[in-house]
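>>> Structural data only, the sequence is not supplied:
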């Protein structure tokens, strides 16, 4: 090779060398760039309760606000059943961990494995993205019911065992457990009828098919004057009805808590989780979403992915102990 040829080849070699050094960095950047671009298509949010109930109303408002944050539509898919566990359980078994299918999860997800055989592990099979709020439970009867106080209701149930039928979401829901504990404390016996969600319970109560509801989502019934709230099954009185006492104040130390959050299948990319967490938490500032929470007297209960995951682990352990202590079984 001549000196001229050597000099001509040198720049080409240097160019190839630069290209070779650049290629690994370029290829290494692509996955990060793809993760950063999430989402590039609509996200499905499973609501494990029927359309028209309190949770559905809240999540539809949240989805609209989250769509603005994500730049993609958040589509609601109602998949009710099994006390709010059917939808998230199906997601955990079938959805890809890419962030495009996530689900609302409630406290029954942590409790059901100890009440019946389930096809999921609440700790291992989910990626907990963000906690959003918590249900506010109450004991509700129709406005024309003969009982003006909880004590009157209990006295009637003692004298007429299982003649008062009441509804709650799922056989293992927090509302039913509250009444089960009340029965053990007082000797009053009630007849439990499970429903898929608040909308069905409301129809049954106002139609006279049941005499009482022990659940969340009681706000609209109270606002219309068609139902009466006898007691709050929470740590504090409700803002919208401050004159209604808690069960603890009435001498029955019973508190029902049920956080509401969003989870995906196990194995999600932490970057995708971070995008969704940020979007849903920012969306929680939305006025329409907050009106929906206020209608059910529900507070904000915001937890990031790490805190929500820790909470879930603790909650599973607590539910296992609680179910064993009460000897609860599914009907």
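That came through fine. In this text, all values refer to a predicted model and were calculated from it rather than measured experimentally. Residues are numbered from 1 along each chain as shown.

>>> give the contact list for the closest residue to residue 236 other than its chain neighbours.
In space, and not counting its chain neighbours, residue 236 is closest to residue 246: 6.8 Å by C-beta to C-beta, 6 or more residues apart in numbering. Backbone N, C-alpha and C define where each C-beta goes, glycine included. Residues near residue 246 by C-beta atoms under 8 Å, 6 or more residues apart in numbering: 231, 232, 233, 234, 235, 236, 237, 255.

>>> Reformat those as a markdown table; add pLDDT.
Shown next, in a markdown table, are these (pLDDT from 0 to 100):
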| residue | pLDDT |
| --- | --- |
| 231 | 97 |
| 232 | 95 |
| 233 | 94 |
| 234 | 88 |
| 235 | 86 |
| 236 | 89 |
| 237 | 91 |
| 255 | 89 |
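
>>> which of those count as buried?
Buried members of the contacts of residue 246, scored by 16 or more other C-beta atoms under 10 Å, are 231, 232, 233, 234, 237, 255.

>>> Quick check: the farthest pair among the residues you listed?
Largest separation among those by C-beta to C-beta: 237 and 255, giving 12.5 Å.

>>> I'd guess residue 129 is in a strand, am I close?
Yes - membership of residue 129 in a strand is supported by DSSP: H, G, I helix; E, B strand; the rest coil.

>>> I'd like to know which of the buried ones among the contacts of residue 246 is nearest to residue 299.
Among those, and counting by C-beta to C-beta, the member closest to residue 299 is residue 234, at 9.7 Å.

>>> So the closest one, which state does it fall into?
coil.

>>> From residue 295, how far out is it?
Computed as C-beta to C-beta, to the nearest Å, the residue 234 to residue 295 distance reads 16 Å.

>>> Do I have it right that residue 226 meets residue 141?
No - contact criterion C-beta atoms under 8 Å: residue 226 and residue 141 do not qualify, at 10.6 Å.

>>> Compare those two (neighbour count), which wins?
Applying other C-beta atoms under 10 Å to residue 226 and residue 141 shows that residue 141 carries more neighbours, namely 24 against 15.
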